[in-house]
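Asks: what follows is a predicted structure for the sequence shown.
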Amino acid sequence: MNRRAAILPALWIVAAAAAGAPRPDIVFLLADDLGRADVGFNGPDIRTPNLDRLAAAGARLDAFYALPVCTPSRCALMTGRHPIRYGRQFNVLRPGQKVGLSLDERLLPEALRAAGYETALCGKWHLGEFEEAYLPHRRGFDHTYGFRPDHRRVSHRLTGGDDLQRDGKPCADEGWMTDLLAREAVRRIEQRDPARPLFLYVAFHAPHTPLECPEEFSKPYAHLGPTRGVYAGMVAEMDAAIGRIVAAVEARGTRTNTLFVFASDNGGLTVKGDIARNPPFRAGKGSLYEGGVRGAAFATWDGRIPAGSVVKAPLHMVDWYPTLLGLAGATHTGRPLDGRDAWPAIARG
């Protein structure tokens, strides 16, 4: 059956993956412009021990596809529908644009919150900010922490004058953005409502340009050159942040009931010099060649996804919406979906 024939009806009710199965906490980790070969489990240049351990404990998604640039990929994740259906297929949203992801779309956090989940975003939104109604705290997230607007940021090191917000209000936190996002994600895990399952969406700005990170992370990669070396440091800093998030889940005692998902919003940037690498695929960010849309990804849930497995089936960013709703026992009442439930492919081959 082709994907068009599999489009789901407007009223779609999904059951849990198995009768009586627990509804997982969901920690969705999204990198920004990460090269496919720039994680330890896919390439030799950059050490990512935390991601490697997490990937080895679950299934690497070898043929996972996104869109070639940021905003369309995030739209696909949030809606389960291809962005061409609502006019967001072209490029990214720019500062000052009076557009955003259509308010007629029902988003993933809205559906999960309706099913009883506590929902939190730490990081990049990039789906519209020109009116309050388009901001994430108005679109299904109980808690939000991030930079507004996403593309007026000129540094990964934030000062008191930057537009950092928590729950839609200005926040005075200062420091490196990746560290701040990890700190906030850990706080959300520690302060979560124990009576509700958790959906935590951590959307890193790293390793998107500008290329900046603390020297302690870039120094070990000086041999890669002045651009790729700092880029590698940004990936290493993100890996360390993910390690802290996983450790917080383990300290909470919820690791065995947590689904971790990791992906990039598109391929790594290759057109401005020696930055990211996407071998064995051609080109990178902004391209419809494989290097622009096929990235590093995995899914891990201890005891539910076979450790050390590799999924060769083609999967797409739009598939996460119905997959996560299925595991959550949630209901979709919006427009017809393009995504398909990928759980049988991921968990049972």
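Replies: Here it is on my side, so go on.

Asks: what residues sit buried inside stretch 328-348?
Replies: Within stretch 328-348, the residues that count as buried by 16 or more other CB atoms under 10 Å are 328-330, 332, 334-335, 337-343, 345-347. All C-beta atoms are positioned from the backbone trio N, CA, C, and that covers glycine.

Asks: and the furthest pair within the residues you listed?
Replies: Arg335 and Ala347 (27.3 Å; CB to CB).

Asks: right, and the helix or strand after the biggest helix by length in the chain?
Replies: Assignment by DSSP state H gives helix 228-252 as the longest helix of the chain. As assigned by DSSP states H and E, the chain's next helix or strand after helix 228-252 is strand 258-264.

Asks: give me the angle between that following strand and helix 228-252.
Replies: Counting by axes from the mean of the first three to the mean of the last three CA atoms, to 10 degrees, strand 258-264 lies at 170 degrees to helix 228-252.

Asks: check which helices and strands strand 258-264 sits against.
Replies: For strand 258-264, the elements it packs on are strand 25-31, helix 49-56, helix 228-252, strand 298-300, judged by 3 or more CB pairs under 8 Å, 6 or more residues apart in numbering; DSSP states H and E.

Asks: for the residue of the chain positioned farthest from its centre, give me the backbone phi and psi.
Replies: In the chain, the greatest distance from the average C-alpha position (CA atoms, centre = their mean) is reached by His223, at 29.6 Å. Phi and psi for His223, reported as degrees, to the nearest 10, are phi -70, psi -10.

Asks: which residues sit in contact with it?
Replies: Taking CB atoms under 8 Å, 6 or more residues apart in numbering, we find His223 in contact with Gly229.

Asks: from Leu269, how far off is it?
Replies: Here the criterion is CB to CB, to the nearest Å. By it, His223 lies 21 Å from Leu269.

Asks: quick one: low-confidence residue ranges for this structure.
Replies: Within the chain, the set of residues satisfying pLDDT under 70 comprises 1-21, 150-153.

Asks: please work out how many residues are found near Arg88.
Replies: 26 (other CB atoms under 10 Å).

Asks: pretty sure it sits against Cys75.
Replies: Yes. When contacts are counted by CB atoms under 8 Å, Arg88 is listed as touching Cys75 (4.7 Å).

Asks: what do the two both touch?
Replies: Leu101.

Asks: picking that back up, just the buried residues of stretch 328-348: which are in helices?
Replies: Short answer: the buried residues of stretch 328-348 in helices (DSSP H) are 328, 343, 345-347.

Asks: which residue is nearest the middle of this structure?
Replies: Leu30 (2.4 Å).

Asks: buried ones in the longest helix of the chain?
Replies: For helix 228-252, by 16+ other CB under 10 Å, it's 228-243, 245-246, 248-249, 252.

Asks: nice, that's everything, thank you.
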